[in-house]
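**Q** Pasted the sequence and its predicted model underneath.
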Amino acid sequence: MRYLLLVAIVFLCLTGCKSPIQNDIVFSNQQDALSKVNSYSLRRLNQTQGLGLTILHTAVIANDIQVVKALINRKVNLDIKTSSLNNSGLTALHIAVQSESPEMVELLLSAGADHEIKFKNLSALDFAEIVNNNKIIELLINHSNQ
């Protein structure tokens, strides 16, 4: 799974994105990305772009905590699924779990991401068990018990 995420980010880096904000995120131009997050309409922030990814998906793949926080503050939909052929149905939380980023997982969960959404019958907890990340497993179990 992690390999697919790396392929996606490499593809974005090599080909660029249809969305200037995704390019800013991929190429670590955080100030411009944050400025665009604050100026774009919510509809535009929630649209899928290159590879069927939203701006949130791209920021999670890039592990850009500041951009994700800004998107959460703008009230983007945290549970939009990717729509590309290879990643059909992944949410930002699935991607964060597969990327093994406890900080990103915790941020998304605390903002209200749905941990029960499944991709090919696998929940975020199932993905955490597959990558064998005990910290993320603990976060998801604790969140489930709330």
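**A** Everything's here; your move.
**Q** Could you find the closest non-adjacent residue to residue 114?
**A** Of all residues not flanking residue 114 in the chain, residue 79 sits nearest, at 4.9 Å (C-beta to C-beta, 6 or more residues apart in numbering). Every C-beta, even on glycine, is put in place using the N, C-alpha and C of the backbone.
**Q** The one you found and residue 117 touch, don't they?
**A** Yes: Residue 79 is in contact with residue 117 according to C-beta atoms under 8 Å; the separation is 5.9 Å.
**Q** Check the contact lists of these two and give me the overlap.
**A** Common contacts of residue 79 and residue 117 (C-beta atoms under 8 Å, 6 or more residues apart in numbering): 91, 93.
**Q** Can you report phi and psi for residue 119?
**A** Backbone torsions of residue 119, given as degrees, to the nearest 10, read phi -120, psi 120.
**Q** what's the closest non-adjacent residue to it?
**A** That would be residue 89: by C-beta to C-beta, 6+ apart, it lies 4.5 Å from residue 119.
**Q** for the chain, which spans come out with low pLDDT?
**A** For the chain, applying pLDDT under 70 flags the ranges 1-20, 26-28, 50, 84-88.
**Q** buried stuff in stretch 112-131?
**A** The neighbour-count check on stretch 112-131 (16 or more other C-beta atoms under 10 Å) flags 113, 115, 117, 119, 122, 123, 124, 125, 127, 128, 129 as buried.
**Q** In a markdown table: those, plus distance to residue 41.
**A** Shown next, in a markdown table, are the buried residues of stretch 112-131 (distance: C-beta to C-beta, whole Å):
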| residue | distance to residue 41 |
| --- | --- |
| 113 | 22 |
| 115 | 28 |
| 117 | 25 |
| 119 | 28 |
| 122 | 33 |
| 123 | 31 |
| 124 | 29 |
| 125 | 34 |
| 127 | 31 |
| 128 | 34 |
| 129 | 38 |
